[in-house]
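Visitor: Quick one, structure for this:
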Amino acid sequence: TTLFLSVKACSAWKLRFREWRERMKVKVLFFALCREITEEEKIEVEIEEKGTIKELVTKVVKKYPKIDDLLKNMVLSVNLEYKDPNSEEQLKANDEIAFIPPISGG
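Guide: Model prediction:
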């Protein structure tokens, strides 16, 4: 019985490690109206290891639904390079994604 429990515990640990390993964190920065909506300057978001820009945007919008209203006019940058919020391009660990809504003024 002790051996069975040890094997079972080991299997559970391996599963948790695999799930942890297959996830990564990216940095999300908010500017202008996005910052007002989120009340955050930056956050870390955990996504799947091969998560896409679109999946990240969906996750952020789920947490901050009001951002969805800005998406059609928003600029998104990944590591200072402009990207389409609907892009299927894969992100990498520690990428920096900025949500930049339209800014008006003069």
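
Visitor: Residue 94: what secondary structure?
Guide: What DSSP: H, G, I helix; E, B strand; the rest coil gives for residue 94 is coil.

Visitor: Kindly state the pLDDT recorded for it?
Guide: Among the per-residue scores, residue 94 holds a pLDDT of 95.

Visitor: Pretty sure it sits against residue 45.
Guide: No: assessed by Cβ atoms under 8 Å, residue 94 is found out of contact with residue 45, at 11.5 Å. Bear in mind the C-beta positions are built from the backbone N, C-alpha and C, glycine included.

Visitor: can you map out the helices along the chain?
Guide: Using DSSP state H, the helices of the chain run over 2-21, 32-38, 53-63.

Visitor: re earlier: of residue 94 and residue 45, which one has the most company?
Guide: Comparing residue 94 with residue 45 by other Cβ atoms under 10 Å, the one with more neighbours is residue 45, at 16 against 11.

Visitor: sorry, back to before: find residues that contact each of residue 94 and residue 45.
Guide: 25, 26, 27 (Cβ atoms under 8 Å, 6 or more residues apart in numbering).

Visitor: Show the buried residues in those.
Guide: residue 26 (16 or more other Cβ atoms under 10 Å).

Visitor: okay if I get the shared contacts of residue 94 and residue 45 as TSV plus distance to residue 86 and pLDDT?
Guide: Compiled in TSV, the shared contacts of residue 94 and residue 45 are given as follows (distance: Cβ to Cβ, whole Å; pLDDT from 0 to 100):
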residue	distance to residue 86	pLDDT
25	22	96
26	17	98
27	20	98
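
Visitor: before we move on, the earlier item: least confident of the helices of the chain, on average?
Guide: Minimum mean pLDDT among the helices of the chain: helix 2-21, a mean of 56.

Visitor: so what's residue 52 closest to, chain neighbours aside?
Guide: Spatial nearest neighbour of residue 52, excluding adjacent residues (Cβ to Cβ, 6 or more residues apart in numbering): residue 88 at 4.9 Å.
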